[in-house]
Each structure stands twice: as structure tokens, then as C-alpha cells.
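Peer 1: A predicted structure for the sequence below; I have some questions about it.
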Amino acid sequence: MLWVICTPLFMLYGLYKSRNNLDGCLTKYNYGYFYLEFKHTHYFWDFIRLAVRTVVITIAALFRELKYLPSVVALLVFAAYISLTIKKQPFVNNDLQNVDIVSYCVLILNLFCNIL
């Protein structure tokens, strides 16, 4: 659990320190994987996506005995993420944003079918 939390926070801290120099060669080399597909104002968005997945996996692992709770929570978290993505428009390319939204919609559909 420590690995899952500390590593992304360490990377986010390094990216946060370099937020004013996102076009620099060293920043792109060290952190470009995390932010190049997003607008400069949303350089941290990949960490939000990681947090969404981590929350869903943690809830599913902790409450696996309960039949529908993990699926309902995941459905709500994914719906909130889609809503936030549509509101904030974090991607540089609209096609990437549409693919991200559609992929989470497919996950919601899958969870909905699982609940039924």
C-alpha cells in the first residue's frame, strides 16, 4: 500500500516543482509521460486518473464480501470522473478526451450489467 501511495505522490511533487517549466527538455524527459497529453493547466490530470483507479480497486478489495457495494461505488466514481473531465476539458486533443470518456462509459456499462 505504501508503494501505491508514495511513488505517485513523489512523482506528483516533482512535477509540481517543475510546473512553471513544462516545456523544458529536462522536465519533458523526467515527467513528460505524465503530462504531455494534457493542457499545461491540467498537468496533474494523469494523477487524478490514477487516484480514480486506486479508489475503485481499494473499495473492491476491502468490500468484496458485499455483493453490490463495490460496483455501485465504482459506478459513481467513474460517473464523477466523466463529469469532471467534460467540465474541465483537460486533454490537448479532443479525440484523446473522447476516447477517455468513452472508455469510462464502457466501464460504467459493464458495472451496470454486473449489478443487474
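Peer 2: On my side now, so go ahead. Numbers count the residues shown, from 1 in each chain.
Peer 1: check contacts around residue 38.
Peer 2: Residue 38 is in contact with 45-46, 90-92, counting by CB atoms under 8 Å, 6 or more residues apart in numbering. To be clear about C-beta, it is placed using only N, CA and C from the backbone, and glycine gets the same treatment.
Peer 1: That one and residue 116, how far apart?
Peer 2: The span separating residue 38 from residue 116 equals 35 Å under the rule CB to CB, to the nearest Å.
Peer 1: any low-confidence regions in this protein?
Peer 2: Along the chain, segments meeting pLDDT under 70 span 1.
Peer 1: Look up the closest residue to residue 97, ignoring the ones flanking it.
Peer 2: The spatial neighbour of residue 97 that comes closest, neighbours along the chain excluded (CB to CB, 6 or more residues apart in numbering), is residue 91 at 3.8 Å.
Peer 1: The helix or strand where residue 103 lies packs against which elements?
Peer 2: Element membership for residue 103, per DSSP states H and E: helix 94-115. If contacts are counted by 3 or more CB pairs under 8 Å, 6 or more residues apart in numbering; DSSP states H and E, helix 94-115 sits against helix 69-88.
Peer 1: now the angle from the helix it packs on to helix 94-115?
Peer 2: Angle of helix 69-88 versus helix 94-115, following axes from the mean of the first three to the mean of the last three CA atoms, to 10 degrees, is 160 degrees.
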